[in-house]
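> fold the following for me, if possible:
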Amino acid sequence: MHLDVLDLRNFYYRTQLGRVAQRAIRDQVVAFWPPAAGQTVAGFGFAVPLLRPYLAKSRRVVGLMPGPQGVMPWPAGMLNVSVLCEETAWPLPTGLVDRLVLMHGLETSEHPSAVLEEAHRVLGPGGRALFVVPNRSGIWARRDGTPFGFGRPYSLSQLEAQLKRHGFTPDRATAALFAPPSNGRFWLRTADFWERLGKQAPWLVGGVLMVEVTKQVYAPTRGGLAAAVRRPLRILEGVGQPVPSPAGANRLEERTTHANVPSGGIRQTL
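Reported below is the predicted structural model:
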């Protein structure tokens, strides 16, 4: 079940806790993928808070928002790049996207396999995708006061297994949101400290998992004319070899003439 786009907007842009969460996840996305010129960057679900650093240099930025969630114009004060779409049919050509981010799009979908199939389809050769999902072991997945408390939380092994089944190869994984989901002033002010500590302390559990993957592309098998030449059809295999005719026989010609004889005479053959 998708959250409403208004609830997501209010959390990330109008609450201090939402801005803290946005900054923590976005900083990790940029650490994975520094903005580069000429790339097509897309986000599915409610990933637009993570895409702003890519607006300046990218060739194209697209925010895909599923129909059950709803859509909002983004970014504010600029030309809109967000679009409403079906979960199972994204309005993007096959192989167009260089970088794809999914947040609040997989764990809340009623058709996760279809979402992963579309993600695999639109990702181009050499492209990378980043999946941001609630951590099953984290505190954020147990609080209904944030968007990460809805949908199906994942463990790292569960997420990687599902991605592999749909043609993705996990490359690296990390976690974010190590501060508790509290509106307390102390926790909000020290959120950056907890993020830095969480990268170094394995005993801290992050609220979200982030898995970067690449698209598996299999080499095509040889076929067509090359295969036909390598394995020719032997239709006449087993038929005996022809016996050559006697020397000079092929030079004989049969000639038939009609002799100048009276009517009813004999036809002579030479």
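
> do a quick rundown of the helices in the stretch 51-200 of the chain.
112-122, 156-165, 185-189, 191-200 (DSSP state H, counting those that start in this stretch).

> what does the second one contact?
In this structure, residues lying in contact with helix 156-165 by C-beta atoms under 8 Å, 6 or more residues apart in numbering are 112, 116, 131, 133, 136, 154, 170, 173, 209, 211, 213. From N, CA and C alone the C-beta is placed, and that goes for glycine too.

> could the residues you listed be laid out in CSV, adding pLDDT and neighbour count?
Output for those, formatted as CSV (pLDDT from 0 to 100; neighbours: other C-beta atoms under 10 Å):
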residue, pLDDT, neighbour count
P112, 94, 17
L116, 96, 21
F131, 98, 29
V133, 97, 27
R136, 95, 16
Y154, 96, 23
P170, 95, 16
A173, 96, 14
L209, 97, 25
V211, 97, 21
V213, 97, 26
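
> same for whichever strand in the chain runs longest, what does it pack against?
Looking across the chain with DSSP state E, the single longest strand is strand 123-134. Secondary-structure packing of strand 123-134 (3 or more C-beta pairs under 8 Å, 6 or more residues apart in numbering; DSSP states H and E): helix 16-32, strand 97-103, helix 156-165, strand 208-215.

> right, so these: which one is the most enclosed?
Stretch with highest mean neighbour count among the helices and strands packed on strand 123-134: strand 97-103 (a mean of 25; mean count of other C-beta atoms under 10 Å).

> that one pairs with which strands, parallel or anti?
strand 40-45 (parallel), strand 123-134 (parallel) (DSSP bridges).

> can I get the longest one in CSV, CA atoms only?
Translated: strand 123-134. Taking Å, rounded to 0.1, in the frame of the first residue of the first chain, the C-alpha atoms of strand 123-134 are listed here in CSV:
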residue,chain,number,x,y,z
LEU,A,123,18.3,0.6,-17.0
GLY,A,124,20.9,0.9,-19.8
PRO,A,125,24.1,-1.0,-20.3
GLY,A,126,26.6,-0.1,-17.6
GLY,A,127,23.8,1.6,-15.6
ARG,A,128,23.4,1.3,-11.9
ALA,A,129,20.3,1.2,-9.6
LEU,A,130,20.1,2.0,-5.9
PHE,A,131,17.3,0.5,-3.7
VAL,A,132,16.5,2.3,-0.4
VAL,A,133,14.2,0.2,1.8
PRO,A,134,13.4,0.1,5.5
